[in-house]
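K.L.:
could you look at this predicted model? Sequence included:
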Amino acid sequence: MAVAAHAVPHAAHPPTSTGLNSRKMLFWAFLGSECMFFGSLIATYLVYRGRDQVGPHPHEIFSIPFTSFSAFVLLMSSLTMVLALAAIQRGDQKKGSLWLAATALLGMTFVGGQCYEFTEFFYKGLHLQTNLFGSTFFVLTGFHGTHVTVGVIWLWTLFTLAVRGKIPKEKALDVEIAGLYWHFVDIVWIAIFTLVYLIQ
Amino acid sequence: MTDHEHGEHATSEHAHPGAKAYVGIAVILTVITAFEVAIFYIPQMHPVLVPSLLTLSALKFTLVVMFYMHLKFDHRLFSWLFVMPMILAAAVILALMKLFGVF
Amino acid sequence: MTTTTAPVAAPAATHEAGSPSGLWSWLTTVDHKRIGVLYGVTAFIFFLIGGIEATLMRIQLAKPENTFVSPDVFNQLFTMHGTTMIFLAIMPLSASFFNFLVPLMIGARDVAFPRLNAFSYWVYLFGALFINASFFLGGAPNTGWFGYSNLTSSQFSPGHGVDFWAVGLQILGIASLAAGFNFIITIVNMRAPGMKLMRMPVFVWMTLVTSFLIILAFPVITVALVFLLFDRLTGTNFFQPAMGADPVLWQHLFWLFGHPEVYILILPAMGIVSEVLPTFSRKPLFGYPVVVYSGIFIGFMGWGVWSHHMFAVGLGPIADSFFALSTMLIAIPTGVKIFNWIATMWGGRVELKTAMLFAVGFISMFIMGGLSGFMHASPPADLQQTDTYFVVAHIHYVLFGGSMMGIFAGLYYWFPKMTGRMLDERLGKAHFWLTLIGMNVTFFPMHFVGLLGMPRRVYTYAPNMGFDAMNMMSTIGVFGIILALLFFIANVLKSRASGKPAGNDPWGGSTLEWAISSPPPPHNFGTIPTVHSLDPLWAKDGAEITRTAGQVRGPIHMPPGSIWPLVAALGMTMLMSGMVFGWYVGIPGLVIMLTGLYSWSFEPCD
């Protein structure tokens, strides 16, 4: 869907009833819908928390320093994303592509960190099937990680375009929409970090 | 449809904050995150752990949405499209927790 | 979007009058009218399939201890009947009207995202085929359309039936979501000059509310189905009581989606009759703002009533009281609408054409369904009625008597606009009366059978329990409905070929679609009208709008067709069906999907 929303007809700023761009509006509606998606996942995690008879339990395996660092990485990727957009909006595709690459790399660092964390938990005996914590935790954070991965692919696509000079000022909206997605993924992690990791 | 055309650019290319402001917000976000982790580790804070962590993460959430996603500067309609579902999602989470006796 | 402000229009891409034909033009179409027709025809075929499933069940239940179908086949039949009618028939039939009518009613040339629109249709088609393929690949799902946990677990439902069901609903959910986004943006952003929100036809308003319900409710069922699939395919514990999980979570998530879904099914029909009634009463809709606000209020309230489907679970007195009260409250806006419709007819010059008959039939049948629904808003009453045929009677009065009657009203009303030819009134009236009588003979006895204690979803019953005769009556009624449908099909086939030419405005309607030719040209409006009032064609400047709407002044730019939405939809369906068929279908699906999406993204669309 993410890429699908990427190019649609009427690209040449058609006048609309509200004066607002249709693609951007579509994307905000999509994010509203995503709120319900992650809301249901988080609700399930919270409802099932503390019901496990068998471990490992969250406090036994979470590494708060490590996850804090991951959260920090994702926060910083939001900064680089917004700087990429600012550069593209100025018409500076060279800087823009650099910031896009930085964002994608930070995103990949986050996903890499998640892979490491999952492996670590796996060896400590927490599998998808071990207990409710395993099921709810891996599915919730796994879906978040999938979103980040889609975002990374999207960012590299934009990077390739920007490097070849194909995202002039007039097409800054393409980057803005990718940015909205990226920041959304970031705020979902803000919620997960607090609700899942810190409030155990 | 000329009477509908005004505002097309005015709203989407509103004066966004510059790079300096973005970095400033990133610093604030980092500080809040550090604060959250600190609260987690300081035993004296544990009686107020949940409310203070919820407040701080809501603050982070709001900062990113308002400044990085530009909702503060953008058209109100976008805020409605996002905030209403978010309230609904929060209500669903609370209702389910209540129904399952979490609190 | 008037021609004076359209310097981008390239003469090369201008469509001449008339549209290309041939299979390829249908596979690549992005025209909302054609997509609407595709939706309508496909959904009607699935409506017939769902009807055949119902007929087989009724034959089995005609007499006690019948052996026409086996218990297992019976389970598959009622599961697929519910799933088919809700997801493959009524929702896409509504979508067919959204597609065909919304752009016409708001004075637009197409929806906001024409290719996304095509994508929605193809995903729907492939998802529908996938879910029905289960009949031939080891057995259809057999756990009911609500798929209660933990009956759906691998332990109690081995085989692939439930997998087909869960994956199929995921695929269909994507189609609904894409369409939901599209119509929200179309309605908010593509209105003709002067068409303020409170000048939009009620049908457009109901489409908007329905679309919001879709984009907010479908993510919840998506998550529930994800849990179910994880449980079945990887052995997680989301609904495993032995591991401390609570299967009731499934019910909460399902009905959190399921109750908004009820309004997704009925609001479009309410929108349709709100258009039909004024036209055939020669009178504007009574209390337009109240009808609109009631619809919006229903949309909000629809989120606060879900647990009334779960009174029998035993949620405790506080939860039961809350959901009972909110359910009684939501009856108020519905009742308000009914009074508005009746007041619209009051004192009007009522013309009982077939469309009007169906609209009036909708009101009366929906009142009955509403009243029986209101009865089980009360938890003590509900405990008597739940899981009996009383509930089956209720759901069929609101979905068949309500939604389907509304859809038929819409078909008779807009068929001339869609095809350029009138439907036959004599056959139409036969269709209406047979439907009305048939459905009441079928479903009315179910109230009593249910209160006497006959449980639903059971393949047979013992004789001399007091409901033998009434079951036979229900079965006979079904053949009345079948006869009615044969009249309808004959009517459509005959009228399509040799019906009376319709002209632009056969009924004297008030909304913009009647200002242009039937069927409309690919670009809809030659000149986009400027709207100054509700009911524009009945206003002072109505004649002016009718005169100019067809005039083409200069080049009109329309988006070209594209095959990529179909490719992306096919790839996505294959990718997801890989969860059932294995990676050798899923991986090629992923490649095809990415090819489709990227080609679509980079395809020049001007």
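P.N.:
Cool, the structure landed.

K.L.:
any idea how far C:Asn237 is from C:Val41?
P.N.:
44 Å (CB to CB, to the nearest Å). Yep, even glycine has a C-beta here, placed from its N, CA and C like the rest.

K.L.:
more crowded one of those two?
P.N.:
C:Asn237 (25 against 10; other CB atoms under 10 Å in any protein chain shown).

K.L.:
in three-state terms, label the more buried one for me.
P.N.:
Here C:Asn237 is coil, with the state taken from DSSP: H, G, I helix; E, B strand; the rest coil.

K.L.:
who's in contact with it?
P.N.:
A:129, A:131-132, A:134-135, C:231, C:243-245 (CB atoms under 8 Å, 6 or more residues apart in numbering or on different chains).

K.L.:
out of these, who's nearest C:Phe366?
P.N.:
C:Asp231 (38.0 Å; CB to CB).

K.L.:
tell me which element the residue nearest to C:Glu513 when sequence neighbours are not counted falls in.
P.N.:
Spatial nearest neighbour of C:Glu513, excluding adjacent residues (CB to CB, 6 or more residues apart in numbering or on different chains): C:Leu104 at 3.7 Å. Element membership for C:Leu104 (DSSP states H and E) is helix C:91-105.

K.L.:
ok so, going back, I'd assumed C:Asn524 was in contact with the residue nearest to C:Glu513.
P.N.:
Yes. Using CB atoms under 8 Å, C:Leu104 makes contact with C:Asn524 at a distance of 6.0 Å.

K.L.:
overlap in contacts, those two.
P.N.:
When contacts are counted by CB under 8 Å, 6+ apart, C:Leu104 and C:Asn524 are jointly contacted by C:Ile516.

K.L.:
tell me the average confidence for the helix or strand encompassing C:Ile45?
P.N.:
Using DSSP H and E, C:Ile45 maps to helix C:32-61. Across helix C:32-61, pLDDT averages out at 96.

K.L.:
what do you get for stretch B:93-103?
P.N.:
91.

K.L.:
and what of stretch A:46-58?
P.N.:
89.

K.L.:
just the buried residues of that stretch, please?
P.N.:
A:46-49, A:51-52, A:55-56, A:58 (16 or more other CB atoms under 10 Å in any protein chain shown).

K.L.:
where does chain B have low pLDDT?
P.N.:
Residue ranges of chain B with pLDDT under 70: B:1-15.

K.L.:
repeat that for 90
P.N.:
Filtered on pLDDT under 90, chain B yields the residue ranges B:1-21, B:39, B:42-49, B:70-75, B:101-103.

K.L.:
quick check: domain ranges of it?
P.N.:
Domain segmentation of chain B under automatic domain parsing yields B:16-72, B:73-103.

K.L.:
can you list the domain ranges for chain C.
P.N.:
Taken from automatic domain parsing, chain C resolves into C:29-497+C:504-561, C:562-606.

K.L.:
what's the closest of those to B:Pro51?
P.N.:
With respect to B:Pro51, and counting by CB to CB, the nearest of the domains of chain C is domain C:29-497+C:504-561 at 24.6 Å.

K.L.:
switch the domains of chain C over to a markdown table; also include distance to B:Leu56.
P.N.:
Formatted as a markdown table, those follow (distance: least, CB to CB, whole Å):
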| stretch | distance to B:Leu56 |
| --- | --- |
| domain C:29-497+C:504-561 | 27 |
| domain C:562-606 | 38 |
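
K.L.:
any idea which of those is most buried?
P.N.:
Sort the domains of chain C by mean neighbour count, taking mean count of other CB atoms under 10 Å in any protein chain shown, and domain C:29-497+C:504-561 sits at the top with a mean of 21.

K.L.:
ends of it, what's the gap?
P.N.:
Domain C:29-497+C:504-561 has an end-to-end distance of 5 Å (criterion: CA to CA, to the nearest Å).

K.L.:
how about stretch C:23-35?
P.N.:
From start residue to end residue, stretch C:23-35 stretches across 13 Å - CA to CA.

K.L.:
contacts for that stretch next, please.
P.N.:
Stretch C:23-35 is contacted from outside by A:9, C:19, C:38, C:99-100, C:102-103, C:110-111, C:114-115, C:117-118, C:120-121, C:418, C:519-520, C:522, C:559-563, C:565-566, using CB under 8 Å, 6+ apart.

K.L.:
if we go to 6 Å?
P.N.:
Surrounding stretch C:23-35, the residues in contact under the criterion CB atoms under 6 Å, 6 or more residues apart in numbering or on different chains are C:99-100, C:103, C:110-111, C:114-115, C:117-118, C:121, C:522, C:559, C:561-563, C:566.

K.L.:
what does stretch C:71-89 give?
P.N.:
C:43, C:46-47, C:50, C:53-54, C:56-57, C:128, C:140-142, C:144-145, C:172, C:457, C:459.

K.L.:
rounded mean pLDDT for it, please.
P.N.:
In this model, stretch C:71-89 carries a mean pLDDT of 96.

K.L.:
stretch C:340-347 now?
P.N.:
The model assigns stretch C:340-347 a mean pLDDT of 95.

K.L.:
repeat that for stretch C:425-444.
P.N.:
On average, stretch C:425-444 scores 96.

K.L.:
how about stretch A:102-120?
P.N.:
96.

K.L.:
angle of the helix holding C:Ile45 against helix C:91-105?
P.N.:
150 degrees (axes from the mean of the first three to the mean of the last three CA atoms, to 10 degrees).

K.L.:
what's the closest of the domains of chain B to chain C?
P.N.:
domain B:73-103 (5.7 Å; CB to the nearest CB).

K.L.:
got phi/psi on C:Ser157?
P.N.:
With angles defined as degrees, to the nearest 10, C:Ser157 sits at phi -130, psi 70.

K.L.:
what about the residue of chain A found nearest chain B, neighbour count?
P.N.:
Closest approach between chain A and chain B, counting by CB to the nearest CB: A:Gly39, at 2.9 Å. Residues lying near A:Gly39 (other CB under 10 Å) number 25.

K.L.:
wait, is it part of a helix?
P.N.:
Yes. Counting by three-state DSSP, A:Gly39 is located in a helix.

K.L.:
hang on, isn't it packed against B:Ala89?
P.N.:
Yes. Applying CB atoms under 6 Å, one finds A:Gly39 in contact with B:Ala89, separated by 2.9 Å.

K.L.:
hmm, the helix or strand bottoming out on mean pLDDT in chain A in reach of chain B?
P.N.:
Within chain A, no helix or strand scores below helix A:58-61, which has a mean of 90 by mean pLDDT, DSSP states H and E. No. Using CB under 6 Å from any CB of the partner chain, helix A:58-61 stays clear of chain B, coming no nearer than 11.0 Å.

K.L.:
can you list contacts of that helix?
P.N.:
Taking CB under 6 Å, 6+ apart as the rule, helix A:58-61 contacts A:121, A:124, A:126, A:200.

K.L.:
which parts of that helix are buried?
P.N.:
A:58, A:61.

K.L.:
list the buried residues in the helix or strand following that helix.
P.N.:
Downstream of helix A:58-61, the next assigned helix or strand under DSSP H and E is helix A:64-90. Neighbour counts using 16+ other CB under 10 Å place A:64, A:67-89 of helix A:64-90 among the buried residues.

K.L.:
try stretch B:22-37
P.N.:
For stretch B:22-37, by 16+ other CB under 10 Å, it's B:22, B:25-26, B:29-30, B:32-33, B:36-37.
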